[in-house]
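# Need a 3D model of the sequence below.
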Amino acid sequence: MQDELAARGAWACVPSIRIAMLLGAVVWSLGAIGQPAFAQDAAPDLSRTAPVNEPAPPIDAETPPATTPASPSATDAEPAAAPSTDTGSASEAPPSTFTAPTSSETGADGTGAMTPPPADEILAIDAGDETDLAEASADEAPQSSVMPHDLSVWGMYEAADIVVKAVMIGLVFACFITWTVWLAKTIELGIAKAKLRAAIQRISSAESLTHAVQAFSGVRGPGSRLVHEAAEEVTRSARLLDHAGDQGVKERVTSRLSRIEAGAQRRMTLGTGVLATIGSTAPFVGLFGTVWGIMNSFIGIAQSQTTNLAVVAPGIAEALLATGIGLIAAIPAVIIYNAFARSIAGYKLLLADAAAGVERLVSHELDLRKLWQASKPAGKPAAAAE
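You can find the predicted model right below:
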């Protein structure tokens, strides 16, 4: 009877052991499912060392008796040993089942250390960081791509619009013309004034128009032309002096001299009109280039949809360069024109002095002719009386 009770108690413990094992498997599977969430929470704090829990004591899982009922012969053969073995396993199985650490306290391997996050989650975090860096570099890219502008004079000319380039080329050409005219007219006026001063000296030192013609033989210039034109007119009007008087001769000589003066002055003023034109129009031409360039800059602002100074400044600088070149061409042209105007005025005075000297020689020549004519009739009667 006692053997039957012991056998029944042993068989009664078998379902309890099975239930304990099933509960342990369920608890372990729940801990494995919670590991990804725990890894996601712990991923941002990888720089800090995860706390290491105390290792749990190893579980000595007793080998449960066979899940299948033993044969009656084995039970009958060892009636004393079966109760002792089954009783010990039944008493030790529940503690081993409920003292096992959960997945939230220990790692998946049961060592107690924190489980590192999966490799795919780390790669996802790194990919997110790279995406943020790429977006930051993309935001900084327009700013860095705007400033590489060559702000030198040549660089701004190369970056300018075709119309602004044409304006700049025209203004540079006008500036070249200005300095060319300055050099040529300075040399021409200097030589002409030197020759005219020498001619005035010769006219002043001549005793008569005939002597002046001899002094200017082989000499070219306005002074020589004045003397030769006056002598030619006096010679041409010699037959009229006895009947018409000398007033008409003086007027004709003055007319010839005035035409020579006008021609010499006109030759000296050649080129100064270009200076006046450049000085008056170059600023407006440069302003036209500036307006055109600023208009293109505003169009670029509208297309780029930004008012950043780095985007606006290069175009405005290119536009203002046209005005600067216009002023560079206009200011020297105005100054040189005024200087030439004063120099030509001095040249006109020298021409007037030379013409006045020639007129004096003509008047002196006419007076000598009158004296000679007055003395000629008195000599003839004296000869007849003899």
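# What ranges does the protein have for its helices?
2-42, 72-77, 81-98, 119-146, 153-159, 162-205, 209-215, 222-236, 241-244, 247-268, 272-304, 309-385 (DSSP state H).
# Outline the domain layout of this structure.
With domains defined by automatic domain parsing, the chain comprises 2-120, 153-375.
# what sits against the closest residue to E188 other than its chain neighbours?
Leaving aside its sequence neighbours, E188 sits nearest to M268 (C-beta to C-beta, 6 or more residues apart in numbering; 7.2 Å). For every residue, glycine as well, the C-beta is placed using N, CA and C. M268 makes contact with 185, 188-189, 192, 344, 347 under the criterion C-beta atoms under 8 Å, 6 or more residues apart in numbering.
# can you put those in CSV and add pLDDT and distance to I169?
Formatted as CSV, the contacts of M268 follow (pLDDT from 0 to 100; distance: C-beta to C-beta, whole Å):
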residue, pLDDT, distance to I169
K185, 93, 24
E188, 92, 28
L189, 93, 30
A192, 92, 34
I344, 93, 31
Y347, 93, 35
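# any low-confidence regions in the chain?
Across the chain, residues meeting the criterion (pLDDT under 70) sit at 1-16, 27, 29-153, 155, 157, 159-160, 242-244, 310-311, 373, 376-386.
# burial measure for A199, as a count.
A199: 27 surrounding residues under other C-beta atoms under 10 Å.
# correct me, but it touches F216?
Yes - if you go by C-beta atoms under 8 Å, A199 and F216 touch, sitting 7.4 Å apart.
# Check the contact lists of the two and give me the overlap.
223-224, 227.
# nearest to S280, of the residues you listed?
Closest approach to S280 among the shared contacts of A199 and F216 (C-beta to C-beta): G223, at 34.9 Å.
# could you list every residue that touches that closest one?
For G223, the contacting residues are 195-196, 198-200, 202-203, 216, 354, by C-beta under 8 Å, 6+ apart.
# Compare those and tell me which is most surrounded.
Neighbour max across the contacts of G223 (other C-beta under 10 Å) = A354, 29 neighbours.
# distance of it from L196?
A354 sits 6 Å away from L196, going by C-beta to C-beta, to the nearest Å.
# which residues do the two both contact?
Shared contacts of A354 and L196, counting by C-beta under 8 Å, 6+ apart, come down to 222-223.
# Kindly indicate which of the contacts of M268 lies nearest V291.
K185 (33.5 Å).
# and the closest residue to G289 other than its chain neighbours, what does it touch?
In space, and not counting its chain neighbours, G289 is closest to A322: 2.9 Å by C-beta to C-beta, 6+ apart. Residues near A322 by C-beta under 8 Å, 6+ apart: 160, 164, 167-168, 171, 286-290, 292-293.
# Against W179, how distant is A322?
20 Å.
# ok, now S237?
Taking C-beta to C-beta, one finds S237 at 49 Å from W179.
# who has more neighbours, the two?
More crowded of S237 and W179, by other C-beta under 10 Å: S237, with 17 against 13.
# before we move on, the earlier item: from the contacts of G223, pick the one nearest S280.
L196 (30.5 Å).
# Can you verify my assumption that A355 contacts A264?
No - the criterion here is C-beta under 8 Å, and A355 misses it with A264 at 9.9 Å.
# hang on, isn't G346 packed against L196?
No - when contacts are counted by C-beta under 8 Å, G346 is not listed as touching L196 (10.0 Å).
# Which parts of stretch 290-298 count as buried, going by neighbours?
290, 292-294, 296-297 (16 or more other C-beta atoms under 10 Å).
# Please name the nearest non-neighbouring residue to S297.
Leaving aside its sequence neighbours, S297 sits nearest to G315 (C-beta to C-beta, 6+ apart; 3.2 Å).
# If you could redo that for Q265, that was the one I meant.
Per C-beta to C-beta, 6+ apart, closest to Q265 is K348, 5.6 Å.
# What of V334?
G279 (3.8 Å).
# Could you measure from that neighbour over to F288?
16 Å.
# ditto for L371
Going from L371 to F288 by C-beta to C-beta gives 71 Å.
# More neighbours: those two, which one.
Between L371 and F288, F288 has the larger neighbour count (other C-beta under 10 Å), namely 16 against 10.
# and the more buried one, what is it in contact with?
Neighbours of F288 in contact, by C-beta under 8 Å, 6+ apart: 167, 322.
# cool, and Y347?
Y347 touches 189, 192-193, 196, 264-265, 268, counting by C-beta under 8 Å, 6+ apart.
# Next: R266.
Here R266 is in contact with no residues (criterion: C-beta under 8 Å, 6+ apart).
# please renumber so the chain begins at 47
Yep, numbering from 47; the last one is R312 now.
# how close does it get to G267?
Counting by C-beta to C-beta, the separation of R312 from G267 is 15 Å.
# Perfect, I'm done here.
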